[in-house]
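> give me coordinates for this.
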Amino acid sequence: SPSPTSTATVVPTPAPAPAGRYGDDAAEIQYSSGWTVWTGAGPDGGSAHRSSQTGAEARFAFHGSKIALISAKGPEEGIGEVLIDATPQPEAVLYGAGTLEWQQEVAYPVSPGDHVITVRVSGSRAMNSGGYDVVIDGFVVDPTPTATAIPTSTPTATALPVPTDTPVPQPSPTATLGPPVPGYIEGVVRLQARGDHSGVVVTAGSHQSTTASAGSYSLSVPPGSYRVTASYQGYLIANRDKVVVGAADSVVLPPLKLLSGNLVDSGSSAGLVDEADRAFLEEHFGPRVSEDPSGHATLADLTADGRVDLFDLVALTSNWGKQGKDYRW
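A predicted model of the protein is given here:
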């Protein structure tokens, strides 16, 4: 099957575009390198931009209350990462069985105002997809709702005699503080021997987030100092201590690769890749994951290729003797 190509170069984003429909060739959409133009029947306006180059981006600045990516779904389509104002959104999974279907809408509501949406080729795909293509057929911006002023009548005051009184001192009002402005912990966590890195749980105190298919995450936390933990079933846990986040800060942690093989995470084998893990893998060696009613083969399938085989054993033994408690990033 095809593999995604190298990383692209991003270009600046122009001023926000007002509500309306914008085709893929609109001047307001800024493309990095790595995109090609497809023409023919199907896309809106007769053309669409498409790319399978990992990291290729399209940026569109807009003013509105909702943004919709117009794309296509088909058997060769991959997964697009979507960010709004640099915050990850649900991915655009563009795989669809059968023929290519154009003008498919993926919508994202936003708070009314100025925003920037970024669509990025993730280099990942759904299990049955034959390619990594991300298609941009255009964008649709919904307008910001306009508030209607309701006229009010002005009452006519009747003058009354004002008695003279001795003023009574009043206590000064006490200001009420609102909630602290949050900061963000961001980065990328990848799973060893896998192409899909989604589902890693990243925690900081009582706050948590999960990674997208390309491994990216963004965690909103109050200002403070945190121990950040990344975990995924069958993998060794990783920790990073004393991550200090200030109000409105964005702290980007170094990239991390979780190590596989911790299949039996209890007793003396907890947090350790050892003989118990190897025995568990060999017990489920051979059959397709879908043929195992117990579901244990899914855990033993460390490479996530649908079968427990030699590649999974190699991944496990490469981490033999390693422990999660010694694993930092």
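> going forward, measure contacts and count neighbours with C-alpha atoms only.
Noted.
> how about low-confidence regions in the stretch 51-200 of the chain?
Residue ranges of the stretch 51-200 of the chain with pLDDT under 70: 146-179.
> distance of Val202 relative to Leu258?
12 Å (Cα to Cα, to the nearest Å).
> now list whatever residues contact both of those two.
Residues touching both Val202 and Leu258 (Cα atoms under 8 Å, 6 or more residues apart in numbering) are 230-231.
> centre of the chain to stretch 52-66, how far?
Per Cα atoms, centre = their mean, to the nearest Å, the displacement of stretch 52-66 from the mean C-alpha position of its chain is 14 Å.
> try stretch 103-119
14 Å.
> got the buried residues for that stretch?
Neighbour-count burial for stretch 103-119, counted by 16 or more other Cα atoms under 10 Å, picks out 103, 105-108, 110, 114-119.
> try stretch 298-318
For stretch 298-318, by 16+ other Cα under 10 Å, it's 298-309, 312-313, 315-317.
> now, those that are in strands?
In strands, judged by DSSP state E, none of these are found.
> narrow those residues to those in helices?
Among the buried residues of stretch 298-318, DSSP state H puts 298-300, 312-313, 315-317 in helices.
> Glu282 in helix, strand or coil?
Under DSSP: H, G, I helix; E, B strand; the rest coil, Glu282 falls in the helix class.
> no wait, Asn319
Going by three-state DSSP: Asn319 is coil.
> so it makes contact with Leu263?
No - using Cα atoms under 8 Å, Asn319 is not in contact with Leu263, being 12.0 Å away.
> quick one: the nearest residue in space to Gly295 that is not next to it in sequence from Asp301, how far?
Leaving out its chain neighbours, the residue that sits closest to Gly295 by Cα to Cα, 6 or more residues apart in numbering is Val289, at 7.5 Å. According to Cα to Cα, Val289 and Asp301 sit 7 Å apart.
> mind listing the shared neighbours of the two?
Taking Cα under 8 Å, 6+ apart as the criterion, Val289 and Asp301 both touch 307-308.
> distance of Phe139 from Tyr95?
Going from Phe139 to Tyr95 by Cα to Cα gives 19 Å.
> likewise for Ala19?
Distance, Ala19 to Tyr95, by Cα to Cα: 29 Å.
> now Arg278
Relative to Tyr95, and taking Cα to Cα, Arg278 is found at 35 Å.
> neighbour count for these two, which is higher?
Between Arg278 and Tyr95, counted using other Cα atoms under 10 Å, Tyr95 has the larger neighbour count: 25 against 20.
> what does the helix or strand hosting Leu83 contact?
Assessed by DSSP states H and E, Leu83 sits inside strand 79-84. By Cα under 8 Å, 6+ apart, the list of residues contacting strand 79-84 from outside reads 88-95, 115-126, 132-134, 212, 214.
> the stretch 51-200 of the chain: strands as residue ranges?
Using DSSP state E, counting those that start in this stretch, the strands of the stretch 51-200 of the chain run over 57-73, 79-84, 87-88, 92-93, 101-121, 134-136, 138-142, 183-191.
> most tightly surrounded among the ones you listed?
Comparing those by mean neighbour count (mean count of other Cα atoms under 10 Å), strand 134-136 comes out on top with a mean of 29.
> roughly how far is that one from the heart of the chain?
On Cα atoms, centre = their mean, the centre of strand 134-136 falls 17 Å from that of its chain.
> neighbouring strands for it, and are they parallel or not?
strand 47-51 (antiparallel) (DSSP bridges).
> and the contacts of the strand it pairs with?
For strand 47-51, contacts defined as Cα under 8 Å, 6+ apart pick out 24-25, 34-40, 121, 132-138.
> again with stretch 133-143
Here stretch 133-143 makes contact (Cα under 8 Å, 6+ apart) with 18-25, 43-44, 47-52, 62-72, 76-80, 94, 103, 121.
> how about the residue nearest the centre of the chain: what's its closest non-neighbour residue?
Taking Cα atoms, centre = their mean, the centroid of the chain lies closest to Pro88, which sits 3.9 Å from it. Leaving aside its chain neighbours, Pro88 sits nearest to Val82 (6.0 Å; criterion: Cα to Cα, 6+ apart).
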